[in-house]
Every structure is written in structure tokens, then in C-alpha cells.
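Engineer: Next input, structure requested:
(2 chains)
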Number of protein chains: 2
Amino acid sequence: MSHVVKKRKLDKTRQDRLYFDSYTDVTIHEEMIADHVRTNTYRMAILNNSESIRGKVVLDVGAGTGVLSMFCVQAGARKVYAVEACSIAEQAVNIVKQNNMEDKIEVIRGTVETVDLPEKVEVIVSEWMGYALLHESMLNSVLYARDKWLKPGGIILPHKAELYIAPVSDPVVEDRLHFWYTVKDQYGVDMSCMSDFARGTCSPTRPASPSSIYTRDRGGLRSVKGKFNFESFGSAAVNAFCVFFTVTFPCPDKPQPLVLSTSPFKPETHWKQAVLYLDSPVDVVQDTVVTGEISMFPSEESARHICIHVDYTIGEQKRQSKTFSIPDWSSGAQS
Amino acid sequence: MSHVVKKRKLDKTRQDRLYFDSYTDVTIHEEMIADHVRTNTYRMAILNNSESIRGKVVLDVGAGTGVLSMFCVQAGARKVYAVEACSIAEQAVNIVKQNNMEDKIEVIRGTVETVDLPEKVEVIVSEWMGYALLHESMLNSVLYARDKWLKPGGIILPHKAELYIAPVSDPVVEDRLHFWYTVKDQYGVDMSCMSDFARGTCSPTRPASPSSIYTRDRGGLRSVKGKFNFESFGSAAVNAFCVFFTVTFPCPDKPQPLVLSTSPFKPETHWKQAVLYLDSPVDVVQDTVVTGEISMFPSEESARHICIHVDYTIGEQKRQSKTFSIPDWSSGAQS
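Structural biologist: The predicted structure is shown next:
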């Protein structure tokens, strides 16, 4: 059985600020808590929904350090089941005690697919989003939990997710891919073919200056698809598409729902944006049309890993097709 | 069966320079190739041993992109078996072709424990070192390969490894651990107990200014042990020990052997140094004596993960004991 656990990559800027480099569990949780956009939007969303939470039973799917569970108690929850498969659950138990919430929060070590709750719940809260929304995400665990444990009329926070795509122009991408051409001069070994291999992978990256975002597609479940249509303003060399997402929380007392956005135009989050490199840069001028279709689907190796397929036409160029995978950096570690 | 694969953490400075953030396989190999201290020392060592390599058969354990195999061909090897368990082996095949070395280098996908070579070898080359030398290292695979495939009188590059320990004074460590105390003010949740948890982990880190290195211990196999004895010069607050290593290559034509060092006093490598936090900083003054014993041994969960146990006495303080583990950041992902 494979637990559903997000592998989080440490934030570069956080590493900078703290002069620290680590792949420990604790640092990953530190990064998530310190991602103010993430943590504060969840806190505001939970407190804004206190009318739905007060006196109610909540399920926190993939609770981590239990921070969302504690926000729910702050919002008046009668009981919170904090389900977490990883060893960080032991720390969640300590933190719950330190906050005198042992009577309200029950930390349960296990996957939501296998744990047995003593009752159904009125609220599900989860921070389930992976890179490009769906990569190694826990969405399916949340949907499973909804079908099994949520009472009719119950609420899910967040309740909506949207995926976005945009063509980007980033000269750093080209510099980076050029590295493999420099190996021969340094060591006498030609590794230029690695550059093509690198173009076939996509990585969470913050584009230096994304050109524009013109369209959006709705996300859902594991496999999603959508058309896009952009018109350039100004001239640039497009060398990638970038993919990002928003999730939305209902806000009964506010005119607008609360949105957690990973857009490159919004404050940076630890999710950054996924960047899909083109095989070579394409020059666009004012009003050049970029059209195409994007689909995201589970990879053959692992249902939790996604592949991203993009069909696109830039200006007068003929239609191109490219499939991107996000290789697990420890792939091959188990057989 | 569990393949022997090093999980490499990306280098912060490299991420800075390239404005990029990724956990893809390709980026990890890019980082290793770009680690000039690592790659160039291996290249010099292999070329310096060309008398032992020319016309001989070589086994490259954990070949990755095959760069060491190609250095061996540059040094005159008749045949190189490049054994690699990960999918990067497919790229190694491409790179070998691009360098017209298909007749000399045979890339074999698999672990050295399971592959069948058509002949015994005169040389084993491997870059097997993990964090703190032994964490997730391939040393045991190299020793297995030596016993099974190396002809009597054959050579291993590198042929010696040494572990070092030093007390360090780094105010950033304390700032970092203080983060968990700030969560309450921000979000109303007390997470200060995470600070103690964080102190129990060790992470590859470059200390800002390590105080001094006075002693060393010899490494070997999986479990190693050694005493240390330092005397302070000047005053400082010691808040950690740091552990690093060197590996040494024979150099028949040179007065000195070639040393690949991960010392904080040498140019930085992607290994950095492992930092073991004390429970609280201890002030030392001129001539304060720090004594103790360090042992490294496989963790209970995984033979490839190491624990580090340190017994130490600082000045007049009573003897302290602390065990450090390097948690896998994806621990709990499999069950």
C-alpha cells in the first residue's frame, strides 16, 4: 500500500533567508507554515466559515503538524479528526497538547483510505494541492473522504480549484539548458544531449517575467483538459508555458470568496509555477496568436505523478505537440 | 529489492545562480557535474592513474550520466562497465554514443549486486559518498563489487575515506530554530515544541564560520566510531558539531595523493557539511576543552540511513549524550 504523501520541495527564497539547506521533514513543514499566503489564507477561510464549523465535527485530511485542525478549533469546532500518514503526526500530537486542545483534536496516524472514524463529519478541510495542482496531490484522498465520511450538506474547504496556463518568455531558461553544452569545454565529455532531455521535464519554477495570462481551465479529479487562446502584446521569445492554480473557499459573510492563488502575478508561494519548456524559443510579435490544448493525466509509472501534454500553434508555425513529465528525483529507488 | 541510489539534495548556491528550483533527476545530475571540486578531482585522479587504467577493464559503480566512465576511456581504458540502477542510465547510453565511446563503454542498467559482468575488472571507480559520507551512501555496493569483480592487485578509486568532526558556532542556527516560537504570534497556534524536534535532526548545512577542526577519525564500512578532543581559541557560543569527510586517490606520479575534501575551509561542494545541533548553545572561552566520542551506525528503519551519536563534554559541563538522525523527507511514503 502506498500512503498519500506530498513531497514538498524547499523554497529557494526561504533557504536564502535562513541560510540553511535540508531535506528533513521538519524543514518541509517549516516551509509550509512559513508560506504566509498558504497558511494565512487557510486561517482566514476557516475563521470566515466559523458559522458552519462552530459545534461541528471536522476531518482534516493530511493534517501534517495539525495547524488547520487547530484553526478549526479556533473557529469553534466541537471535534476535529486530524488524519496524517507520516511520522510528523507524532509532532502534531505534541503541538495539540501544547495548545491544550487534546479534548477537541484527535490525531490519527494513517491514511484517510484506511482509518476508521467514530462518526461522520460536517466539514472536511485539507491542504491537498501539489505542484501544478495535481502532481502528487491528495485530491483523490479528499474525494474519497468526502464520499465516505462527509454528511449530506457538509462543506469542503477549499471547495473549488482552477488551473491556468500562460506562455512565458524567460531567458534564464535558455541559459540553464545551455549548461550541458559547456561540459565539453570543461571536462572533455560532450553532454549536450542532456539539454534535450532536460527540456522534456518540467519543474516548479518562478518565471522571471511571464508574458501574459489570457485564459483558464477548470480543474478536477485526476485527468483534466482544456483549450487555450492567447494574443501577444509586444514582442518576445516564448520558450515555455507555465501552469499554476488557484483554490477557492466559500466566504458566507464576504461579498467575494477567498482565493489562494499561485499566479506569478501574486505573492510567491512555495508551489511557485510549473514551467514546460518548448523545444526551442519561438519569436512572437504584437498580436501573434498562440492557441492550443493542454491535458493533464496520471503517468504510467505512478497514478500520483502527472504528465502534461500540450498541443500548440504559435502564429504561422505548424502545430506542435509535447508531453512533459515530472520525474521523481528518487525514481528508480524502489523496484 | 531496494536499489542503491543516492538521493541528492540540490545545492542552494546553484539554485541561486540559475534561478531555478526543481527536484528532477536531470537537475540533480546537473548539480553533480557542475560541482567542480567533485568532478574535476575525479577527472584529475583518473587521468593521473592512466598507467593503471590504460588497456584495462574498469567497473563504474553507480555510473549516473557515465561521466567517470568516459574519464576512464580518456585515460586509456580498454573497456568500462558502467552500472547504474536509475533511469538516468538511458541518458548515459545517449551520452556515450555522442562521445563515440560505444565500443569502449557498456552501460548496464541494474544494481551492482545483481548484474552479471562478462569478466572481472582491474579497476573500480565510483563516486559513492553520501551526506556525512555514509548517509545513503553506496559504499557497501562498492565493497560488494570489489569482493565479487575486482581482480587481485586491482585498484579502487578513491581508495581511502576519512571522517571529521568539529564544534561550530553559528548564530543562524539559533535564529532558524527560533522560527517555531514566532508561529503563535502570527497564527495563534503555539508550535514552539517543534523547535526541540528540529534540534534532533541533522541537515547538510554549510556552517557560517566553524570554530576549528582539531581531530579526525577514520571511516570505514557502515558503522564507525572515534574520539575527539578540541581546545578553543577565543570565545564563542558552540551550538553544533559539524561532520564532513575527505576521500583520497592514489597518485603514482605526484608527491602527494589527490584529496577530495568537503571541509568548510575548502571550496564548497554539493555535500556541504552535516550539522548536529546541541540542545542549547554552550559558551566556550580561550582553551576550553571539548572532548567526546562520535559513532555513526545504520538506523533501525533503514540500513542505508545513518544515525550519529555524540557523547561530549564542554569545559566544566557534565557529559552530554545526543543521537541524531537524518529523516528521509519522504519518510512514510511507503509502507
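Engineer: Spell out, range by range, the helices that occur in chain A.
Structural biologist: For chain A, the helices defined by DSSP state H cover A:12-18, A:25-34, A:36-48, A:50-53, A:67-74, A:88-98, A:139-149, A:171-187, A:193-199.
Engineer: helices or strands up against the second one?
Structural biologist: Using 3 or more CB pairs under 8 Å, 6 or more residues apart in numbering or on different chains; DSSP states H and E as the contact criterion, the secondary-structure elements in contact with helix A:25-34 are helix A:12-18, helix A:36-48, helix A:88-98, helix B:171-187, helix B:193-199. Every residue, glycine included, has its C-beta placed from N, CA and C.
Engineer: Likewise for the fifth one?
Structural biologist: With contacts defined as 3+ CB pairs under 8 Å, 6+ apart, the secondary structure elements packing on helix A:67-74 are helix A:36-48, strand A:57-61, strand A:79-84, helix A:88-98, strand A:105-109, strand A:121-126.
Engineer: so where's chain A uncertain?
Structural biologist: Flagging of chain A using pLDDT under 70 yields the residue ranges A:1-25, A:171-173, A:200-222, A:326-335.
Engineer: Need the residue in it that's farthest from the chain's center.
Structural biologist: residue A:188 (39.9 Å; CA atoms, centre = their mean).
Engineer: wait, that residue sits on residue B:67?
Structural biologist: No - look at residue A:188 against residue B:67 with CB atoms under 8 Å: they stay out of range, at 10.2 Å.
Engineer: how far is stretch A:39-59 from where the chain is centred?
Structural biologist: Taking the mean of its C-alpha atoms, stretch A:39-59 sits 21 Å from the chain's own mean (CA atoms, centre = their mean, to the nearest Å).
Engineer: re earlier: quick one, which of the helices of chain A is packed in tightest?
Structural biologist: Highest mean neighbour count of the helices of chain A: helix A:67-74, a mean of 26 (counted as mean count of other CB atoms under 10 Å in any protein chain shown).
Engineer: hmm, who's touching that helix?
Structural biologist: Applying CB atoms under 8 Å, 6 or more residues apart in numbering or on different chains, the contact partners of helix A:67-74 are A:33, A:39, A:42-43, A:46-47, A:53, A:58, A:60, A:63, A:80, A:82, A:92, A:95-96, A:99, A:101, A:104-105, A:107, A:123, A:125-127, B:187-189, B:191.
Engineer: Can you tell me, leaving aside adjacent residues, what's nearest to residue A:235?
Structural biologist: Among residues not flanking residue A:235 along the chain, residue A:285 sits closest, at 4.8 Å (CB to CB, 6 or more residues apart in numbering or on different chains).
Engineer: okay, now that neighbour: neighbour count?
Structural biologist: Using other CB atoms under 10 Å in any protein chain shown, the number of residues around residue A:285 comes to 11.
Engineer: Run through the residues that contact it.
Structural biologist: A:232, A:234, A:235.
Engineer: ditto for residue A:189
Structural biologist: By CB under 8 Å, 6+ apart, residue A:189 lies in contact with A:183, B:67, B:70, B:71, B:74, B:95, B:99.
Engineer: Longest strand in chain A, by number of residues?
Structural biologist: Secondary structure assigned by DSSP state E gives strand A:236-249 as the longest strand of chain A.
Engineer: Can you spell out which helices and strands pack onto that strand?
Structural biologist: helix A:36-48, strand A:160-168, helix A:171-187, strand A:258-261, strand A:273-284, strand A:289-298, strand A:306-314.
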